[in-house]
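[1] Fold the following.
(one chain, ligands or ions: 3)
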Amino acid sequence: MGDDPSAIAIPTRSAGLRRWVDECVTLTCPDRVVWCDGSPAERKRMLAEAVAAGVLIPLNHTKRPGCYLHRSNPNDVARTENLTMVCTPTREEAGPTNNWLAPDEAYAKLRGWFGGSMRGRTMYVVPYIMGPPDSPFSKVGIELTDSIYVALSMGTMTRMGRAALDLLGDSDNFNRGLHGTLDVNPERRLICHFPQDNTIWSAGSGYGGNALLSKKCFALRIASWMAREEQWLAEHMMIVGIENPQGQTTYVAGAFPSACGKTNLAMLTPPHSMKGWKVHTIGDDIAWLRIGPDGGLWAINPEAGYFGVAPGTNQKSNHNAMKMLARDTIFTNVATTPDGDVWWEGIDEPPPEGLIDWQGRLWRPNSGEKAAHPNSRFTCPMRNNPVLSPHVDDPQGVPISAIIFGGRRAATVPLVLESHDWTHGVLMGATMGSETTAAAVGQVGVLRRDPMAMLPFCGYNMGDYFAHWLRMGKLLHKPPKIFMVNWFRKDGDGRFLWPGYGENLRILRWMIDRIHGRARGIDTSVGIVPNPSELDLKSLDLPPDRLRESLKIDRSEWKAEVAAAGDFFRKIGPTLPDPLEATRHAIAAKLEASAGRADGA
Ligand code: GTP
Ligand code: SPV
Ligand code: MN
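    Ligands and ions are numbered 1, 2, ... in the order given. Purely as a prediction, here's the structure:
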């Protein structure tokens with residue numbers, strides 16, 4: 001270790017933390033250890049260092065003050081689900097949907113990789129709080145990383161620095177995250193979770209969910225394990241408050257798989273015709289939900305920033321995002337213009353001459369290649385969001401009136417479908433399907449079951465997770481209503497039937513009407529759909545046949561859907577709770593019996 005003074009001043013009273021940092025320093029042998037304090041001066045210093053090292057490229061600071069570009073290794077542009085391991089004591093605890101490694105084996109293998117891996121590098125000790133600092137539900141994590149990009153990103157995504165050490169005090173109850181970039185070699189890349197030790201070891205990737213350990217690793221995989229033990233929920237959900245013209249706000253939480261619309265829904269701009277309606281963002285990716293003293297479900301957003309998808313973001317689709325990205329943002333793998341601005345597919349501006357692609361090469365319009373990587377992202381503080389909710393720091397969170405499950409489905413699933421009760425809603429979530437996206441390495445556009453949008457993020461056995469959801473329903477005196485939505489249904493020509501984005505508020509409005517008993521809907525075998533007359537369609541340029549098409553429930557498609565859900569359940573095996581299979585059977589029987597009925601479903 002060098003003689004940097006920051007290596008000597010150890011600002012924690014936690015003996016457990018000091019001991020653990022010592023162990024990791026002994027293992028990885030960094031030249032320097034820097035304890036991050038989260039101050040603006042520190043951020044300024046680290047940004048300058050990152051620029052000097054070529055890790056960040058300053059953008060045009062007149063157009064975009066405080067904004068930088070990061071280009072990740074082209075072999076490291078998305079989460080790697082095949083290299084993500086849940087290392088529980090037994091394979092059964094990880095269950096059939098997770099990759100599993102025995103804890104001893106995983107620790108041994110990674111100890112080998114980590115040994116001496118930070119020689120010549122700096123180790124940043126990044127203390128952070130997940131949740132508002134004065135919330136009883138918040139938790140402390142410490143990430144040790146040799147990536148200055150990761151340390152800076154954690155400063156945006158979490159409440160990072162001294163406040164976390166203050167909250168920790170002399171306790172040794174914190175999440176231990178060790179992250180090493182190594183040589184960014186896919187052959188030596190593993191993201192291992194040890195929920196029984198509240199520990200994560202991540203090696204060989206510097207990208208997003210693989211490396212920002214607060215996010216998917218702690219706030220979902222490890223937290224979902226804690227949540228089962230402590231009777232709460234850690235979910236891949238956005239949280240949004242919707243205020244009607246009378247000033248009443250209804251909060252909904254929504255689980256959509258990666259790159260399926262959470263950020264956009266959480267900060268949507270209401271259609272012009274919906275005068276007086278307002279949207280207030282609580283969170284865009286992760287929700288921690290507890291049962292409140294009133295018997296209802298209350299949610300906090302554990303994060304403090306957004307790591308959002310860039311492509312498709314433009315003034316029309318997401319005006320609020322464009323506004324918040326004007327400053328203090330780190331862009332990863334977007335394209336850049338000759339005057340130092342950013343560009344991506346779907347930004348709704350023509351690509352300028354001399355555009356530089358995400359790999360730093362001159363982009364040729366007819367090359368057939370994307371200029372920005374399809375999973376290019378922005379890292380932006382939530383305080384930049386012009387529609388951030390004033391309740392985002394409320395220690396108890398906000399009361400949730402509805403849960404939405406949504407996927408990317410070209411067919412079958414209607415624009416909106418309400419469950420008959422909690423168990424049916426859990427079935428909807430447990431069997432939801434979605435087409436894969438660029439957020440994870442692998443084929444894009446393949447339909448897969450992604451229960452509650454948690455397939456890649458559930459830290460334990462999926463059947464036990466379903467049982468936990470059912471148990472939570474029993475504990476809730478005022479359970480939220482559960483809905484399913486699909487903004488992505490397509491017509492015969494492959495075009496989206498529904499305009500999406502801000503127009504989705506029209507569907508949220510129907511849900512709110514249902515919650516308050518103002519809309520009746522139409523009951524079908526698979527759930528309740530809106531009567532088109534109950535939808536606010538003012539000034540919406542949508543031909544009636546396209547609306548009908550997007551709301552349609554096709555009996556034969558649904559028979560296939562319910563059968564596919566059964567195939568998935570068989571893979572879950574013995575931990576699958578009986579009530580889910582019983583409800584699935586009941587729906588299958590109703591679909592059979594409804595043959596010949598007018599609505600066909
Ligand atoms: P993660 O951050 O990966 O968890 O994703 P997310 O669920 O927050 O997805 P996000 O809101 O970033 O949207 C992903 C992509 O879907 C972007 O390209 C959006 O432009 C597009 N998208 C979002 N909402 C809609 C919609 O209502 N309709 C259509 N057609 N596309 C949408
Ligand atoms: C997702 O993939 O769901 C994301 C991005 O939100 S990452 O942080 O990489 O997980
Ligand atoms: Mn996500």
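
[2] Run a quick neighbour tally on Glu93.
    Neighbours of Glu93 under the rule other Cβ atoms under 10 Å: 18. Where C-beta positions appear, they are placed from N, C-alpha and C, glycine not excepted.

[3] Now do the same contact list for it.
    By Cβ atoms under 8 Å, 6 or more residues apart in numbering, Glu93 lies in contact with 86, 460-461.

[4] please redo it, this time with the cut-off set to 6 Å
    Neighbour list for Glu93: 460-461 [criterion: Cβ atoms under 6 Å, 6 or more residues apart in numbering].

[5] How about Cys29?
    Cys29 makes contacts with 116, 118-119, as judged by Cβ under 6 Å, 6+ apart.

[6] average pLDDT across stretch 323-337?
    The average pLDDT for stretch 323-337 rounds to 98.

[7] Pull out the CA atoms of stretch 352-360 and give them to me as PDB.
    Provided in PDB are the C-alpha atoms of stretch 352-360 (Å, rounded to 0.1, in the frame of the first residue of the first chain):
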ATOM      1  CA  PRO A 352     -25.400  14.400 -37.900                       C
ATOM      2  CA  GLU A 353     -22.500  14.100 -40.200                       C
ATOM      3  CA  GLY A 354     -19.500  12.800 -38.400                       C
ATOM      4  CA  LEU A 355     -21.400  10.800 -35.800                       C
ATOM      5  CA  ILE A 356     -19.100   8.600 -33.600                       C
ATOM      6  CA  ASP A 357     -20.600   5.300 -32.700                       C
ATOM      7  CA  TRP A 358     -20.600   3.700 -29.200                       C
ATOM      8  CA  GLN A 359     -17.200   2.000 -29.900                       C
ATOM      9  CA  GLY A 360     -15.600   5.300 -30.900                       C
END
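
[8] in that stretch, what counts as buried?
    Neighbour counts over stretch 352-360 (16 or more other Cβ atoms under 10 Å) mark 355-359 as buried.

[9] between the residues you listed, which is closest to ligand 3?
    Trp358 (20.0 Å; Cβ to the ion).

[10] so where does the closest one fall, helix or strand?
    Using DSSP states H and E, Trp358 sits in no helix or strand.

[11] any idea of the pLDDT on Ala595?
    With respect to pLDDT, Ala595 has a value of 75.

[12] doesn't it fall inside a helix?
    No. Counting by DSSP: H, G, I helix; E, B strand; the rest coil, Ala595 is not found in a helix; it is coil.

[13] Near ligand 1, which residues of this structure are found?
    Residues of the chain lying near ligand 1 by Cβ under 6 Å from any ligand atom: 256, 258-264, 284-285, 308-309, 311-312, 317, 439, 487-488, 496, 500-501, 504.

[14] Quick one, which of those are buried?
    In these, burial by neighbour count holds for 256, 258-264, 284-285, 308-309, 311-312, 317, 439, 487-488, 500-501, 504, counting by 16+ other Cβ under 10 Å.

[15] Give me the subset of the residues you listed lying in strands.
    308-309 (DSSP state E).

[16] just the buried ones among the residues of the chain next to ligand 1 that are near ligand 2?
    258, 285, 439.

[17] In space, what's closest to the last one - neighbours in sequence excluded?
    Spelled out, it's Ala439. Among residues not flanking Ala439 along the chain, Ser258 sits closest, at 3.4 Å (Cβ to Cβ, 6 or more residues apart in numbering).

[18] re earlier: relative to ligand 2, which of the buried residues of stretch 352-360 is nearest.
    Trp358 (15.6 Å; Cβ to the nearest ligand atom).

[19] and the closest residue to Val140 other than its chain neighbours, how many residues sit next to it?
    Leaving aside its chain neighbours, Val140 sits nearest to Phe174 (4.4 Å; criterion: Cβ to Cβ, 6+ apart). Other residues near Phe174 come to 24 when the count uses other Cβ under 10 Å.

[20] so the closest residue to ligand 2 within the chain, which of the three states?
    With Cβ to the nearest ligand atom as the measure, Gly209 is the residue of the chain nearest to ligand 2, at 2.5 Å. What three-state DSSP gives for Gly209 is helix.

[21] what's the neighbour count on it?
    The number of residues packed near Gly209 is 25, by other Cβ under 10 Å.

[22] ok, now how distant is it from Val441?
    Taking Cβ to Cβ, to the nearest Å as the measure, Gly209 falls 11 Å from Val441.

[23] Including pLDDT, could the ones next to ligand 2 among the buried ones among the residues of the chain next to ligand 1 go into TSV?
    What follows is these, written out as TSV (pLDDT from 0 to 100):
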residue	pLDDT
Ser258	97
Asp285	98
Ala439	96
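
[24] just those residues now: which is nearest Trp35?
    For these, the closest approach to Trp35 (Cβ to Cβ) belongs to Asp285, at 27.2 Å.

[25] thinking again about what came up before, list only those of the contacts of Cys29 flagged as buried.
    By neighbour count, with 16+ other Cβ under 10 Å, the contacts of Cys29 hold Met118 as buried.

[26] low-confidence ranges in the chain?
    By pLDDT under 70, the low-scoring segments of the chain are 1-8, 596-601.

[27] Would you mind naming what in it lies close to ligand 3?
    Within the chain, the residues that sit near ligand 3 (Cβ under 5 Å from the ion) are 258, 285.

[28] Swap in 6 Å and give it another go.
    Residues of the chain lying near ligand 3 by Cβ under 6 Å from the ion: 236, 258, 285.

[29] how about the strands in the stretch 1-150 of the chain?
    32-35, 57-58, 68-70, 84-86, 99-100, 122-130, 139-145 (DSSP state E, counting those that start in this stretch).

[30] want to throw those strands into JSON lines with distance to ligand 2 and mean neighbour count?
    What follows is the strands of the stretch 1-150 of the chain, written out as JSON lines (distance: least, Cβ to the nearest ligand atom, whole Å; neighbours: other Cβ atoms under 10 Å):
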{"stretch": "strand 32-35", "distance to ligand 2": "24", "mean neighbour count": "20"}
{"stretch": "strand 57-58", "distance to ligand 2": "21", "mean neighbour count": "16"}
{"stretch": "strand 68-70", "distance to ligand 2": "14", "mean neighbour count": "21"}
{"stretch": "strand 84-86", "distance to ligand 2": "10", "mean neighbour count": "24"}
{"stretch": "strand 99-100", "distance to ligand 2": "16", "mean neighbour count": "16"}
{"stretch": "strand 122-130", "distance to ligand 2": "14", "mean neighbour count": "26"}
{"stretch": "strand 139-145", "distance to ligand 2": "14", "mean neighbour count": "26"}
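
[31] If anything else comes up later, I'll come back, but that's it for now.
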